[in-house]
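Enquirer: Okay, predicted coordinates and the sequence, questions at the end:
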Amino acid sequence: AAGVIQSPRHLIKEKRETATLKCYPIPRHDTVYWYQQGPGQDPQFLISFYEKMQSDKGSIPDRFSAQQFSDYHSELNMSSLELGDSALYFCASSLEGYSYEQYFGPGTRLTVT
Amino acid sequence: SQQGEEDPQALSIQEGENATMNCSYKTSINNLQWYRQNSGRGLVHLILIRSNEREKHSGRLRVTLDTSKKSSSLLITASRAADTASYFCATASYGNNRLAFGKGNQVVVIP
């Protein structure tokens, strides 16, 4: 079965640079979630989209923005990167109104140096 | 941790034994989900239990939910070396589906 795809899997950036993370949800899933997991931490919810509209917003810094496109893939844009942004970034998808299960991608490991 | 909180334990068990881990949360929930994560890799969905359910089974997994105590437990029976991982519980509240994760339980199954 198709799973959530995230790219790139690994990314190394320097402070103050910009990064773009991509997420391709499971086919027919209409909701995308982004989570951040710092080293040794539990995942923290950042933002979600349903049918290309932002549906919920968590502890996402103002330096970050995200959107969901017409093909339902989503991108997380991160600017003015800081050392503390180094983390695993997960995307998850679900089918709203059908099931509450969220299926996670393998994550993008971002390292800011 | 925002919501779900596991008892801070690291389990080390022999293959074939059962592993039990617990999770407590603070507010009303719509559902509670358990996930497995292998060494900094992706989160694998294990099982979801809704707030009106008390127990659920999936293969070697058994989940219980006690909404009066705001707690849940995950039991893995007949553990295998491949069960070595961190296990997270995550809760979703009514009105939104964002997951609030607790701190993971590290389980090591010794062959």
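Expert: Perfect, thanks for sending it. Residues are numbered from 1 along each chain as shown, chains lettered A, B, ... in the order given.
Enquirer: Show me the strands in chain A, by range?
Expert: For chain A, strands defined by DSSP state E occupy the ranges A:5-7, A:10-13, A:19-24, A:31-37, A:44-50, A:53-57, A:64-68, A:74-78, A:87-94, A:103-104, A:108-112.
Enquirer: just checking, what packs against the longest one?
Expert: This points to strand A:87-94. Secondary-structure packing of strand A:87-94 (3 or more CB pairs under 8 Å, 6 or more residues apart in numbering or on different chains; DSSP states H and E): strand A:5-7, strand A:19-24, strand A:31-37, strand A:74-78, strand A:103-104, strand A:108-112. C-beta: built from backbone N, CA, C; applies to glycine.
Enquirer: Let's have the strands of chain A in a markdown table, adding mean neighbour count.
Expert: Below are those laid out as a markdown table (neighbours: other CB atoms under 10 Å in any protein chain shown):
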| stretch | mean neighbour count |
| --- | --- |
| strand A:5-7 | 17 |
| strand A:10-13 | 14 |
| strand A:19-24 | 20 |
| strand A:31-37 | 25 |
| strand A:44-50 | 22 |
| strand A:53-57 | 14 |
| strand A:64-68 | 19 |
| strand A:74-78 | 20 |
| strand A:87-94 | 25 |
| strand A:103-104 | 22 |
| strand A:108-112 | 19 |
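Enquirer: Serialize these to CSV and add fields for mean pLDDT.
Expert: Output for the strands of chain A, formatted as CSV (pLDDT from 0 to 100):
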stretch, mean pLDDT
strand A:5-7, 97
strand A:10-13, 98
strand A:19-24, 98
strand A:31-37, 95
strand A:44-50, 95
strand A:53-57, 93
strand A:64-68, 97
strand A:74-78, 98
strand A:87-94, 96
strand A:103-104, 94
strand A:108-112, 98
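Enquirer: Select, out of the helices and strands packed on strand A:87-94, the one closest to B:Phe101.
Expert: B:Phe101 lies closest to strand A:31-37 among the helices and strands packed on strand A:87-94, at 7.9 Å (CB to CB).
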